[in-house]
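1. Quick one: sequence plus predicted model below, questions after.
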Amino acid sequence: MAQHKKTTIGLTRTLLISSLLLLLVLYLLWSKGLPWLANHYQFALPGENGLPYEISYKNWSYQNLATCATADWCEVNQNPAYYKDYPVCMREADIKKANQWPLVQIASMWTLGESPQPILVDETHREPTAGHIVGGGVIYVHRKDGCYTQYTMTSGP
């Protein structure tokens, strides 16, 4: 009887430790791995800071380093001067002031657990033409909270 009790206690302890280790691994995968995946594969995570830092469209790359799908490297290295020039949240009035209105949808960004978010450009730069690039070098993602996040072209064909 005493041997059975020791075995049960040992088994319970092993299950408890294994469960805690599994929860720790799942937490690390969720908090560190998911932002890396979102930035690498260019999809959004739910929430205000869920957009990746880079978007590709028709072989052009666009970046906004003020957003990075909640990755630690973005949160730790915040540069206030960068945020001033490239705000994470622009309103319709801001875009109109920059003569980039009206916007038209050119693609969608898949968002984990939510509906896709539209990727938009100024309607005069919908398609590349001689001397003009898609979006005039700027594209926007219309977020769920009504903000527009601007991405600036960094490379292309």
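-> It's in. Numbering: from 1, shown residues only.
2. Point to the residue nearest the middle of this protein.
-> Among the residues of the chain, Leu51 comes closest to the average C-alpha position under C-alpha atoms, centre = their mean, at 2.1 Å.
3. How about the backbone phi and psi for it?
-> Here is the backbone geometry of Leu51 (degrees, to the nearest 10): phi -70, psi 140.
4. Please give me every residue in contact with the closest residue to Ala69 other than its chain neighbours.
-> Leaving out its chain neighbours, the residue that sits closest to Ala69 by C-beta to C-beta, 6 or more residues apart in numbering is Ala38, at 3.6 Å. Using the backbone N, CA and C atoms, a C-beta is placed for each residue, glycine as well. With contact set as C-beta atoms under 8 Å, 6 or more residues apart in numbering, Ala38 has these partners: 44-45, 50, 52, 69, 112.
5. Turn these into TSV, including neighbour count and pLDDT.
-> TSV is the format used below for these (neighbours: other C-beta atoms under 10 Å; pLDDT from 0 to 100):
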residue	neighbour count	pLDDT
Ala44	25	96
Leu45	20	93
Gly50	24	91
Pro52	24	95
Ala69	23	89
Leu112	14	93
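6. Turn those into a markdown table, columns for distance to Leu23 and secondary structure.
-> Shown next, in a markdown table, are the contacts of Ala38 (distance: C-beta to C-beta, whole Å; DSSP: H, G, I helix; E, B strand; the rest coil):
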| residue | distance to Leu23 | secondary structure |
| --- | --- | --- |
| Ala44 | 26 | strand |
| Leu45 | 20 | coil |
| Gly50 | 23 | coil |
| Pro52 | 27 | coil |
| Ala69 | 23 | coil |
| Leu112 | 20 | coil |
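7. right, and the pair among those with maximum separation?
-> Farthest apart among the contacts of Ala38 by C-beta to C-beta are Pro52 and Leu112. That separation is 11.2 Å.
8. His34 belongs to a strand?
-> Heads up, residue 34 is Leu, not His. No: counting by DSSP: H, G, I helix; E, B strand; the rest coil, Leu34 is not part of a strand but helix.
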